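[1] return atomic coordinates for the entry below.
(chains A and B)
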Amino acid sequence: MNDFDDIAMLLLILVPLAGSLSMMFMPGGQRKETWYFAIFISAISLALSLVIFANYNYNAGGFQYTATYEWLPGPLDISLSLGLDGISAPMILLNGIVLFGGVLISQTIQYRPREFFVLLFALAAGVYGVFVARDLFFLFFFYELAVLPMYLLIGVWGSSTDFGTFLRTKEYGAMKLLIFLVAGSIAVWVGILALYAESSNLGAATFSLEGLGQLAESGQIDEDFQKWVFPLFMIGFGTLAGLWPFHTWSPDGHVAAPTAVSMLHAGVLMKLGAYGIIRVGLFLLPEGAEAWMPVLIALGTVNVLYGAISAMSQNDLKYIIGYSSVSHMGYVIMGIATLDSIGMGGAVLQMFAHGMMTALMFLLVGSIYHKTHTRDINVLNGLASRMPVNTFFFAIAGLASLGLPGLSGFIAEFMVFIGTFRTYMPLGILAVIGAALTAIYILRLLARTFMGEADERWADLTDSSPVELTVGAAFVGIIIFVGVWPDPLLRVINVGVQTIPGV
Amino acid sequence: MSSLSDNLDLLTPEFALAGLAFLVFVLDLFLPEGRKRLLAFVSMAGLIALIVVSLVMLWDEDELLYDGLLAVDSFALFFKVFFIGMGIAIILTSMDFVENRLKHQGEFYGLLLFAILGMNVMAQSRELLTAYIALELLSFSLYVLVAYAKDSAKSNESALKYIIVGAVSSAILLYGVSMVYSTLGVTKFDEIAEGLARASEVSPALWVGVGLILVGLMFKVSAVPFHMWAPDVYEGAPYPVTTYLAIGSKAAAFALILRLVAEGFVPATERWEQWQVVFAVLAALTMLVGNLLALAQKNLKRLMAYSSIGHVGFILAGVTAMTGSSDLASNGVMFYLVGYSITSLVVFAALISFFNMTGKEMITDLGGLADHQPFLAACLGMGLFSLAGLPIFAGFTMKFYLFTAVATEGYLWLAALAIFSSLIGLYYYLNVMRQIYIEPAIKGDDGGDLLEQHPALTRRPSLPLIVVLGSGSAAMIWLGVYPKHLIEAIETASRAIMI
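    Numbers count the residues shown, from 1 in each chain, chains lettered A, B, ... in the order given. A predicted model of the protein is given here:
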């Protein structure tokens, strides 16, 4: 233990938060300077998350970098307790990477860039906070903090989609997203209160995950209680994870959001939901979880198939990716629901893998939309000859998404399949079918958008900007790296997964 | 039996406050028109001095006055400082409004001071009639204040409504007091508790009496189904008075309810357990109806009226959860009162500032506010997020604390309902947010240019309002991020009434 370890977690949250606050007081209207400063903040944040991840000792496992600060003594006894385990370590790395990428490509934000970054960093701080919080109060605090800036980020900087017969406005997308997510957080909040009340009845009133975990481990939390509280967390967190049938906010929200926000939201924020199910649901209510897992895995399977089938029939690039996120989050949910060490490991790895590839896809689509002002795959065609690098990256992301060996998606999905086959064989078969459907819509997208003869309207089209391509290249590199050599991630994940009760 | 004049010096702050009010009235006579602003500063200086005096004199004091009619304890001190602090903020908020839009400035501040005096005594009284007199002092000041814009028909209408409803509710309250006295023979809170606990069979008259007292008090805090007056009165009253109704008089009524419940009802455990159900139903109704009706509002003042009814529902849920064994619920209620008052103050200060600039008070009038007035928009936005209960603002921590208290005392369903009502609230707060940040700027009257018609929109808000907005927002974030110190003070205050 050294000094850095003691404050690492706090720094992780405070750097974006301080960035957010200090930007509030920057003079407005200076677009370039604002952007540079945002890059500076997110670079520090990325460096921090890299160092922290790299120094996580996977031989020792468990919570590391732990730090506890007294926040509110007295009857409620809440403390800001932070720490990082094998499940959250890859997640903070993911957040660092996607945030940095998102900020880099946000030079295109013309309108009030200062407020944009203020909100974006508040969101990022919230995400970090959820991943490292070890107290239910703060977990929920940061969870809400991560959700709340979305409304303005989408409502102010987003874009509306015209479907010809009707208009999906950005205000609609923003309101729908926020109402869904906050409705989900209602369930989470009630669940947290129920847990606290139960612990209070047991004479050990606490919000601390550790304390509640001990109660759960010693079997003091009543089984019936667990069985009715678990669905609150399952549905509440599940809403954010895009769990069917509470996923409908996700495509609309992602489509309306500006590129950087789509990247962060589909890439990282949805993972908060899955993470919440693991961290709160599985750790604190193991018996309830066990009882509900058949339902969860069934819903997850529907996610995979329903998302894939919906994606097949969409013509808007962002909607296709939005539904593909729903489908891919299905694998995460299935992996969690297997309660199998391999399946669970696959789920966590899929959270990382999907985060990278979906962020990459949103980045590339954002770039295409910025240049062509359309996302309709019936209108776009032959972009490969005009934007060769963008096309190449998109193909990599797409192939990762359909699970091509050698790319990050393959290992994660394969592990989820193994886990599912070991526990719920028939659903495993359906999941594999889902992967085949993914191939259909990804190839359809690639063929329509990038292949064929380029329309003359795209004669003057140039490739994405150097910044976008650099970020894209980095993302592609990570996707290939994880696909070829997943061990650096997996060994950390496995350490974390083994501590989950019931696995 | 102790003499009536024992410990009279402990009432120094109250005497001084009354003196200050008279001083303002007298000064008003001698100040020429156009220099009346001085009165606001005199009032504020006096109030600041009073806070200091109260803190120095009454710190850690725990005495009874007039043979137990008034208590001078940490609870009273806490609310005294809180009410006076809010009074200062209200004066700052109203200065421009009063100067530009109202006549008779001197009386405005004097009446405000009397209202504060009434509130302070309400938090101190531990006997029904004393509480009633204090309540009337507050109410009478407010009746006049609501009617202050006497050239405005709306203000007159709402004042008339307020007086009639106020008088009826006072009468109901008084009738309840007399019935309690006729059955138990006492009016002090602690003796009521003893009487309730001792009486094996409670006569119907006592039930009716307690019921009427509750109805009277529920009128004052505008709990459903006794809320109908609030939106009309809020809409018609001059803006600063609306603010005061929302944050001041309500908090005072709850201070009284807290002491009455804690000292008068909770110790009679068996009775209290029966009445908790009544409170729970009232709370549930109030939070649902308030938030649902707010959805349909187009006027900002009416929106805030219904939103405040919704918040009253949350606070009543906290009152429901009060028990003798834990002070969690009363802490939660006090925390909520402070957090809600500060948040509302910020929202109202921003709205008043906007009103001073344009004279507009509809929700759609806020369109494009973020373009003309970024500071105002940011404060208003933070305030709305806080009211909706989102971090990092006071709204989140106070709701979390209060609802935890409610859930812990066995009312998980009520907490769940409160959380659900918060979601409804979020929707209409977000609609206001949308106007401020997303919708394009509105046109001026008759389609003209807004900024030309209201050049004030291009200038900064006035200094007093900036002070209120800035310090209020800072306090909101402070309470949302690190409320430890406030909660420690609240715990001390709470212990004074719970034992």
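
[2] check which helix or strand A:Phe393 maps to.
    Element membership for A:Phe393 (DSSP states H and E) is helix A:388-401.

[3] so after that helix, what's the next helix or strand?
    The helix or strand immediately downstream of helix A:388-401 is helix A:408-423, counting by DSSP H and E.

[4] how about the closest residue to chain B within the stretch 401-503 of chain A, nearest residue that isn't a chain neighbour?
    Taking C-beta to the nearest C-beta, chain B has its nearest neighbour within the stretch 401-503 of chain A at A:Pro501, 24.6 Å off. The way it works is simple: take the backbone N, C-alpha and C, and place the C-beta from them, glycine included. The shortest distance from A:Pro501 to any non-neighbouring residue, by C-beta to C-beta, 6 or more residues apart in numbering or on different chains, is to A:Pro286 (4.0 Å).

[5] likewise for A:His370?
    A:Thr108 (6.0 Å).

[6] and the one you found, how many neighbours?
    By the measure other C-beta atoms under 10 Å in any protein chain shown, the count of residues near A:Thr108 is 16.

[7] cool, B:Arg35 as well?
    Residues near B:Arg35, counting by other C-beta under 10 Å, number 10.

[8] mind checking pLDDT for the nearest residue to B:Leu288 once chain neighbours are set aside?
    Spatial nearest neighbour of B:Leu288, excluding adjacent residues (C-beta to C-beta, 6+ apart): B:Ser421 at 5.9 Å. Looking at B:Ser421, its pLDDT reads 92.

[9] mind listing what the residue of the stretch 401-503 of chain A closest to chain B touches?
    Neighbour list for A:Pro501: A:216-217, A:282-283, A:286 [criterion: C-beta atoms under 8 Å, 6 or more residues apart in numbering or on different chains].

[10] if I've got this straight, it is in a strand?
    No - per DSSP: H, G, I helix; E, B strand; the rest coil, A:Pro501 lies outside any strand segment and is coil.

[11] distance of it from A:Ala289?
    8 Å (C-beta to C-beta, to the nearest Å).

[12] what touches both of these two?
    By C-beta under 8 Å, 6+ apart, A:Pro501 and A:Ala289 have these common neighbours: A:Leu282.

[13] next, count neighbours for the residue of the stretch 201-350 of chain A found nearest chain B.
    Nearest residue of the stretch 201-350 of chain A to chain B (C-beta to the nearest C-beta) works out as A:Ala205 at 7.2 Å. Applying other C-beta under 10 Å, we find 19 residues neighbouring A:Ala205.

[14] and what of A:Thr206?
    21.

[15] what's the angle from the helix holding A:Phe393 to helix A:408-423?
    Counting by axes from the mean of the first three to the mean of the last three C-alpha atoms, to 10 degrees, helix A:388-401 points 10 degrees away from the direction of helix A:408-423.

[16] report the buried residues of helix A:388-401.
    Buried residues in helix A:388-401, counted by 16 or more other C-beta atoms under 10 Å in any protein chain shown: A:389-401.

[17] ok, stretch A:373-380 next?
    Neighbour counts using 16+ other C-beta under 10 Å place A:375-377, A:380 of stretch A:373-380 among the buried residues.

[18] thank you, goodbye.
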